[in-house]
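Enquirer: sequence-free structure coming up:
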């Protein structure tokens, strides 16, 4: 297992091989943190990094559950919650969220989050590693299935926050409509100022008020390829002391 620590005490362990979390979890955590409160559900939690970041960035207290189908990643998430002393408020369960998952109740979560596979099945280059392939391509869960699960587990007044490539925004809007939802808040992520957006952060709910509110764009990199201060503040949670 690979271990990372920070001055803030955050510990992240993940498998040496296979899927590793990326900057997308960082920007999604920053986007979703103001929304986190009550009960939070992470669909496809991986090593639990998104819930761990939300526990540090959120102003409110919340209980968080991560659903993961891969046994090795599930073990990593549980160990990370325990090592950080958060196993009383964060927990992980094994299951396929496209159906019923033991231990989580439909309609009971105030916020659902997900950093799903970015590419549709059958597009782009396949990865020979099964874990990486499942994380990058929709081989085990499509975007409509993800929205179906989010809608099923959300409370009536709940929200669903996710990150995807910018070009998939029309699909996000279409999938949300199928579930009686709509985008409430969006933010576009650019590699740097002057470049086109590469990612979209979206929060959907059942009560969108017309045109979604648009946050100022997020430019990942400033000068000399360093992360911008907003992103660097979150990344600092991973730095070795």
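Expert: Yep, it's here. Treat the numbers as computed from the prediction; the structure is a model and nothing was measured.

Enquirer: Which element is encountered next along the chain beyond the helix or strand of the chain with the lowest mean pLDDT?
Expert: The helix or strand of the chain with the poorest confidence is strand 2-4; it has a mean of 43 (mean pLDDT, DSSP states H and E). Going down the chain from strand 2-4, the next helix or strand is strand 12-14, by DSSP states H and E.

Enquirer: Does anything pack onto the helix or strand that that following strand is followed by? Which helices or strands?
Expert: Per DSSP H and E, the first helix or strand lying C-terminal to strand 12-14 is helix 23-32. In this structure, helix 23-32 packs against helix 49-57, strand 109-114, strand 154-165, strand 199-205, strand 218-221, helix 229-235, with contacts taken as 3 or more C-beta pairs under 8 Å, 6 or more residues apart in numbering; DSSP states H and E. C-beta here means a position set from N, CA and C on the backbone, and glycine is covered the same way.

Enquirer: which residues are in contact with helix 23-32?
Expert: By C-beta atoms under 8 Å, 6 or more residues apart in numbering, the residues outside helix 23-32 that reach it are 46, 49-50, 53-54, 57, 111, 113, 115, 161-163, 187, 189, 199, 201, 203, 215, 218, 220, 230-231, 234-235.

Enquirer: Kindly calculate the angle that that helix makes with strand 109-114.
Expert: Interaxial angle of helix 23-32 relative to strand 109-114 (axes from the mean of the first three to the mean of the last three C-alpha atoms, to 10 degrees): 150 degrees.

Enquirer: What mean pLDDT does helix 23-32 get?
Expert: Here helix 23-32 scores 96 as its mean pLDDT.

Enquirer: Report the buried residues of that helix.
Expert: Within helix 23-32, the residues scored as buried using 16 or more other C-beta atoms under 10 Å are 24, 25, 26, 27, 28, 29, 30, 31, 32.
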